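Engineer: Here's a sequence, model it:
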Amino acid sequence: MMKQHRLLSFVLAAIALLVLPLVLQQFGNAWVRILDMALLYVLLALGLNIVVGYAGLLDLGYVAFFAVGGYLFALLGSPHLAEAFPFIAANFPNGLHLPIWAVIPLAALLAAVFGVLLGAPTLKLRGDYLAIVTLGFGEIIRVFLNNLDRPINLTNGPKGISQIDGITFFGVKMNRTLEVFGFEINSVSLYYYLFLALVVVSVVICHRLELSRIGRAWMAIREDEIAAKAMGINTRNLKLLAFGMGATFGGVSGAMFAAFQGFVSPESFSLMESVMIVAMVVLGGIGHLPGVILGALLLAALPEVLRHVAGPLQAMTDGRLDSSILRQLLIAVAMIVIMLMRPRGLWPAPEHGQSLTKGQKGGQS
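Structural biologist: So this is what the prediction gives:
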């Protein structure tokens with residue numbers, strides 16, 4: 001009976017997710033765009049959850065992998081390389097314009113390489129020291145993207161890269177409206193279905209990782225690294241694997257972001273983005289997939305919802321408060337209230353911390 005109820009819940013949830021953008025697009029594309037960006041943040045949060053939630057490694061530079069994926073897609077899917085390098089222009093006058101089947105694995109692979117490069121020097125660091133190093137790594141990547149426009153114009157500097165191709169999936173161009181049985185599906189709705197498919201695949205991968213021997217080893221390192229090493233777990237390789245695996249999600253999400261926006265610049269990959277992604281994981285529930293997804297959806301949608309609240313509040317103060325600053329203030333207040341009421345997150349893992357609680361009870365008795 002329980003299995004039937006669970007199956008029915010999954011079917012109803014799937015139907016709701018499939019119909020949702022078609023309903024929202026009737027009220028304008030803005031609401032569907034919010035959903036699209038929320039799904040991209042879910043991808044990022046799932047990747048960071050591998051590093052922070054499973055392996056217990058605090059990473060404040062995760063946005064660097066997001067940037068790597070975004071710029072890779074921008075370079076391979078725009079005329080920029082042909083304009084910057086004569087030898088590429090001689091062979092590909094309009095740019096490379098690689099298909100999505102080639103770009104996604106390349107983005108995942110390149111981000112994984114950067115993840116390992118970040119993880120290698122930080123193997124002996126923990127806690128605050130690891131957070132500071134990873135924060136510096138994220139800022140270094142952003143500074144490089146901002147300045148690699150001379151002597152060779154690779155990233156076009158602060159001006160960013162535009163004219164990025166949209167995604168073509170099985171002959172369907174997602175940057176155009178598609179008509180199915182007389183019903184029009186907007187471009188933002190098409191991207192929604194692609195991002196939703198990627199999120200579903202990512203959730204399955206993360207769930208299988210969590211139940212695997214690798215996932216159990218990561219959790220052992222998270223709880224007590226010295227005890228894990230004493231039990232024969234190769235903490236060095238598993239930490240590098242966590243950084244690499246988590247980075248792949250960021251790389252894929254960055255590539256999808258570049259295709260969706262059609263433009264990337266260093267401003268899109270600031271430190272604040274890393275902080276928000278970490279907040280999504282912590283707010284939802286560290287190490288718990290449903291909680292991480294809930295936290296990502298809430299924090300991605302909350303700024304847009306509060307946009308409608310900030311306007312009237314700004315009018316009440318005769319315009320003395322800037323609406324964007326007021327919106328950030330409301331987000332901060334909401335996060336503080338939630339964490340005070342739910343210190344372990346909105347949807348924490350049910351088994352996380354049970355062994356510690358049992359141990360404390362046993363000691364008291």
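Engineer: Could you verify my assumption that residue 31 touches residue 20?
Structural biologist: No: Residue 31 is beyond contact range of residue 20, at 9.5 Å (criterion: C-beta atoms under 8 Å). Using the backbone N, CA and C atoms, a C-beta is placed for each residue, glycine as well.
Engineer: Any idea which residue is closest to the centre of the protein?
Structural biologist: For the chain, the residue nearest the mean C-alpha position is residue 44 (1.3 Å; C-alpha atoms, centre = their mean).
Engineer: what residues are up against that one?
Structural biologist: Shown in contact with residue 44 (C-beta atoms under 8 Å, 6 or more residues apart in numbering): 62, 66, 249-250, 253, 277, 280, 296.
Engineer: Tell me the buried residues in stretch 176-187?
Structural biologist: For stretch 176-187, a neighbour-count test (16 or more other C-beta atoms under 10 Å) marks 185-187 as buried.
Engineer: Outside of that stretch itself, list whatever touches it.
Structural biologist: Counting by C-beta under 8 Å, 6+ apart, 22, 25, 29, 32, 166, 172, 174-175, 190 sit against stretch 176-187.
Engineer: Quick check: ChimeraX command selecting the buried ones in those residues.
Structural biologist: Buried members of these, defined by 16+ other C-beta under 10 Å, are picked up in ChimeraX with:
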select :25,32,166,174,175,190
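Engineer: Check the contacts of stretch 176-187 and tell me the two furthest apart.
Structural biologist: 22 and 166 (20.0 Å; C-beta to C-beta).
Engineer: can you pull out the strands in the chain?
Structural biologist: Ranges of strands in the chain, per DSSP state E, are 168-169, 172-173, 178-180, 183-185.
Engineer: Show me the strands paired with the second one, marking each as parallel or antiparallel.
Structural biologist: Strand 172-173 pairs in its sheet with strand 168-169 (antiparallel), by DSSP bridges.
Engineer: now the partner strand: how far from the chain's centre is it?
Structural biologist: 22 Å (C-alpha atoms, centre = their mean, to the nearest Å).
Engineer: Just the buried residues out of the contacts of residue 44, in PyMOL syntax.
Structural biologist: The buried residues among the contacts of residue 44 can be selected in PyMOL (16+ other C-beta under 10 Å) with this line:
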select buried, resi 62+66+249+250+253+277+280+296
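Engineer: Quick one: the contacts of residue 44 as a markdown table, columns for distance to residue 126 and pLDDT too.
Structural biologist: Formatted as a markdown table, the contacts of residue 44 follow (distance: C-beta to C-beta, whole Å; pLDDT from 0 to 100):
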| residue | distance to residue 126 | pLDDT |
| --- | --- | --- |
| 62 | 17 | 95 |
| 66 | 24 | 97 |
| 249 | 23 | 97 |
| 250 | 22 | 96 |
| 253 | 27 | 96 |
| 277 | 20 | 94 |
| 280 | 22 | 93 |
| 296 | 26 | 94 |
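Engineer: From the contacts of residue 44, pick the one nearest residue 123.
Structural biologist: Out of those, the member with the shortest distance to residue 123 (by C-beta to C-beta) is residue 62, at 17.7 Å.
Engineer: what about the closest residue to the closest one other than its chain neighbours, distance to residue 245?
Structural biologist: Setting aside the residues directly before and after it, residue 62 is nearest to residue 48 in space (C-beta to C-beta, 6 or more residues apart in numbering), at 4.9 Å. According to C-beta to C-beta, to the nearest Å, residue 48 and residue 245 sit 11 Å apart.
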